[in-house]
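Novice: Below: sequence and its predicted model.
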Amino acid sequence: MTPMLFQTETADDVRLDLYLSEFFGRYSRTFIQKWITQGRVTVDGKTVKKNFRLSGGESVSVDLPEPEAPDIPAEDLPLEIVFEDDDLLVVNKPRGMVVHPAAGHRSGTLVNALLFHCGSRLSGINGVLRPGIVHRIDRDTTGLLVVCKNDTAHLSLAQQLIEHSVTRVYTAVVQGHLPEAEGTVEGPIGRDKRNRLRMSVDPAGKPAVTHYRVLEEYTGYSLAECRLETGRTHQIRVHMSHIGHPLLGDELYGARPSRLAPAGQMLHAGVLGFTHPRTGERLEFQAPLPQDLQAVLLQLRRQL
């Protein structure tokens, strides 16, 4: 397999193993440290130690292990494609669909549908269970995802995510009225030590920043636009809960049970923008609110 070659642009005294674990997403630091020890990683043409610190502008080469053939069934599932070309596709994921196979979800996922639609034309950087997947949204979150068909496109999008140049705007219904019409929630996010299914704001976690803007207010709830500066697991759900305003339907993060949202959190990834890896053109896509979220808003407006 041809080594992946890219240039660091935003590194500032960051350990090489930490940078690569963030860059590739799927692989743990322990796994990447093994690559470095095996000499699979070079910086400016030289092998280095796992604790080598990057300053920015280095040329990094990674000799990825040969991908295994995926043992995942291709399934002819409904797939709403917003955009597609030879390098990538943008899909609008429905509520209830898991993005990639994992324990308990070997079929019915977005990846199963992508394998049927794209065949072998998906990037292999994130391994056999996540072909083409650069970023994720939760099972019960709806909206836009970009999927890469080749490793070059994948590396470009991964770098843009690290540089925070990917536009990701969500629409959320939260409990209560937010303290300001516009605000920012900053708080590092890590795995919750008491409940491994949850994430939490933790000083030892990864930096996370969410910007919000109130769109409408109802009796007991608000409609907000949430713009991600970073993209941690469950970030909007964690941050909104952290400031006392969990998402409607998100009982995992403290929302009151409600007949308004029996199918999970009211969160929609409605805007996605990035630079095309081949053409350099800036692209931006929008997905309308799903019908169930529209129905919730109609009910809330009727209660005013």
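Specialist: Nice, thanks for sending it over. For clarity, every value in this text was computed on a predicted model and none was experimentally measured.

Novice: from here on, contacts and neighbour counts on C-alpha atoms
Specialist: OK.

Novice: Quick check: pLDDT value at residue 31.
Specialist: Predicted confidence (pLDDT) for residue 31: 75.

Novice: tell me the secondary structure for it?
Specialist: Look at residue 31: counting by DSSP: H, G, I helix; E, B strand; the rest coil, its state is helix.

Novice: Buried residues of stretch 114-123, list them for me.
Specialist: By 16 or more other Cα atoms under 10 Å, the buried positions in stretch 114-123 come out as 114, 115, 120, 121, 122, 123.

Novice: which of those has the weakest pLDDT?
Specialist: Lowest pLDDT of those: residue 120, 84.

Novice: any idea how far residue 40 is from residue 151?
Specialist: According to Cα to Cα, to the nearest Å, residue 40 and residue 151 sit 17 Å apart.

Novice: Below-threshold pLDDT in this structure: ranges please.
Specialist: 1-2, 9-12, 22, 24-28, 65-70, 103-105, 126-129 (pLDDT under 70).

Novice: Helices of that one, start to end?
Specialist: Using DSSP state H, the helices of the chain run over 16-24, 29-37, 110-118, 151-162, 235-242, 291-302.

Novice: Quick one: residues in contact with the fourth one.
Specialist: Same thing as helix 151-162. Applying Cα atoms under 8 Å, 6 or more residues apart in numbering, the external contacts of helix 151-162 come out as 6, 10, 22-24, 87-88, 123-125, 132, 134, 148, 166, 230-231, 274, 277-278.

Novice: Can you say which of these are buried?
Specialist: Of the contacts of helix 151-162, these count as buried by 16+ other Cα under 10 Å: 6, 10, 22-24, 87-88, 123-125, 132, 134, 148, 166, 230-231, 274, 277.

Novice: Which of those residues fall within strands?
Specialist: Using DSSP state E, the subset of the buried ones among the contacts of helix 151-162 located in strands is 6, 88, 148, 274.

Novice: Name the nearest residue to the last one, sequence neighbours excluded.
Specialist: I take that to be residue 274. residue 166 (4.9 Å; Cα to Cα, 6 or more residues apart in numbering).
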